[in-house]
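In: how would this look folded up:
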Amino acid sequence: MDRRAFIHLGGASLAALLAACNSQGPGAAKKLLRLAERGNEKLERDLFRHTSMDRAGRGRLAGRGLPSYYISDQVPVWDTAARGTWTLEVTGLVRRPLRLTLPELVNLPRVAQRVDHFCVEGWTAVTEWTGVRVSQLARLAGLAPEARYVDFQSFDSDYHESWDLESAFHPQTLIAYGREGRMLDPAWGAPARLHSPVKLGYKSVKYLTRIAFLPERNGGYWSDQGYEWYAGV
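Out: Numbers count the residues shown, from 1 in each chain. Presented below is the predicted three-dimensional model:
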């Protein structure tokens, strides 16, 4: 049995209680639900390995068939005239805060990878991303030793999600600016977005503006509404 199937059978039965759409569950069950969430997260953390790499195989690339999701009423597009040049800020518990333009981001050591995208709704797609490892940005910024979590923030109606540092530093966790040989389109998170096959899709924040390294986690758009915070795959 592979790792994903084991998690599904061994832990997802607990997570299913927590992942009910837009629901924290009945008040009387909150203690039980919190206990289930802690148990499920411990299982996922225990199974997580930096050396476990997603292998998408030779399945057909999703192309424009990859679904696009956003919180705003319409596709978010960075308005240079109103907001100035887009930059990605790397801040928080770092010694050398960064503010990178898109050309500066593109000029950093790049990774291209063909990986799976796993959605909480149950579908999976294969696509190819080009970008920079989150771990590379952390090294450039001089990560402080007390950092344990990282929050990814968006200009899509202030969408954000926080991650554990171990998952954020997985070799396949990227700040992506390209997909399938082209620069990102707005529908899929331009100018840059987070992507990793080690988390469910709602954790991969699009339309990035800020990466903040933190001593404690601070929730997220969906996890604050009852979805699982860890969301490991």
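In: what about Ser162, distance to Gly59?
Out: Note on Ser162: its distance to Gly59, by C-beta to C-beta, to the nearest Å, is 31 Å. Placement of C-beta: from N, CA and C, glycine included.
In: Looking at the two now, which is surrounded by more residues?
Out: Ser162 (21 against 12; other C-beta atoms under 10 Å).
In: partners of the more buried one in the sheet?
Out: Asp151 (DSSP bridges).
In: I'd like the distance between it and Tyr149.
Out: The spacing between Ser162 and Tyr149, counted by C-beta to C-beta, is 5 Å.
In: Which neighbours do the two have in common?
Out: Leu214, Arg217, Asn218 (C-beta atoms under 8 Å, 6 or more residues apart in numbering).
In: List the contacts of the second one.
Out: If I follow you right, that is Arg217. Residues in contact with Arg217 (C-beta under 8 Å, 6+ apart) are Arg148, Tyr149, Asp151, Ser162, Asp164, Trp229.
In: Can you select the buried ones among those for me in PyMOL?
Out: This is the PyMOL syntax for the buried subset of the contacts of Arg217, where burial follows 16 or more other C-beta atoms under 10 Å:
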select buried, resi 149+151+162+164+229
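In: would you turn the contacts of Arg217 into CSV with distance to Gly201 and pLDDT?
Out: What follows is the contacts of Arg217, written out as CSV (distance: C-beta to C-beta, whole Å; pLDDT from 0 to 100):
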residue, distance to Gly201, pLDDT
Arg148, 24, 97
Tyr149, 20, 98
Asp151, 18, 98
Ser162, 16, 97
Asp164, 17, 95
Trp229, 15, 93
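In: Now do the strands in this protein.
Out: For the chain, the strands defined by DSSP state E occupy 87-92, 98-101, 111-118, 124-133, 149-154, 160-164, 174-179, 182-183, 193-195, 208-214.
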